[in-house]
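S.K.: Need coordinates for the below:
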Amino acid sequence: MAQLRGTDLKRLHRTWRRRKVHRLALLLETVQSPFNVGSIVRTAAALGATDLYLVGSAAIRSASAQKTAMGTDRYLSDRIYETVADAVAAARADGYTVIGLELADEATPLHELDLARDVCLALGHEDRGLSATALGLCDAVGYVPQLGKVGSLNVAVAAAIACYEARRQGWTEAEIEPAT
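M.R.: Predicted coordinates:
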């Protein structure tokens, strides 16, 4: 077994891009670390997210965010909002169902939510998570089940898992389109 390079790597990615996928977006509410923001941006771009709604979060074009994003912000349309209500309203106006990611009392395990549709995943502050206002505005709230002794995940890691789960659900129901 050898690592894929060049043409073979492009062919592999092209095969996955041919699958019918739903749109994916992220809403970041007060994510403070530019390194977390950059990591989330890079993951979002890698998994084909198109929109990024920002509320009180670190700037995605700061030097620190760019260190982890590595220029992948150019693949996302990003907009800044004054309030989370404005950001959620914009995501809904763009056709997304807003799914909060939070360890909350009435949250559903992420894999049990229907993510095989146009979804905007909302993530919050590294310590406090999503605000009560944001949670109340979400169409559903999910969490990543954890088996170990650690009680929570880094927000960028949680975002990566959630983005992948949304894509996995879409890929599971999709068929590969014929090559043109």
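S.K.: So which elements touch the top helix by length along the chain?
M.R.: Looking across the chain with DSSP state H, the single longest helix is helix 155-173. For helix 155-173, the packing partners by 3 or more CB pairs under 8 Å, 6 or more residues apart in numbering; DSSP states H and E come out as strand 24-29, helix 34-46, strand 97-101, strand 119-123. Yep, even glycine has a C-beta here, placed from its N, CA and C like the rest.
S.K.: could you list every residue that touches L54?
M.R.: 27-28, 60, 78-81, 87 (CB atoms under 8 Å, 6 or more residues apart in numbering).
S.K.: run the last query once more with 7 Å
M.R.: With contact set as CB atoms under 7 Å, 6 or more residues apart in numbering, L54 has these partners: 28, 78-81.
S.K.: Same check on A65?
M.R.: With contact taken as CB under 7 Å, 6+ apart, A65 is in contact with 34, 37-38, 58-59.
S.K.: switch to 8 Å and redo it
M.R.: With CB under 8 Å, 6+ apart, A65 has these contacts: 34-35, 37-38, 41, 58-59, 73.
S.K.: cool, and V21?
M.R.: 48, 167, 170-171, 174.
S.K.: Separate out the buried members of these.
M.R.: By neighbour count, with 16 or more other CB atoms under 10 Å, these hold 48, 167, 170 as buried.
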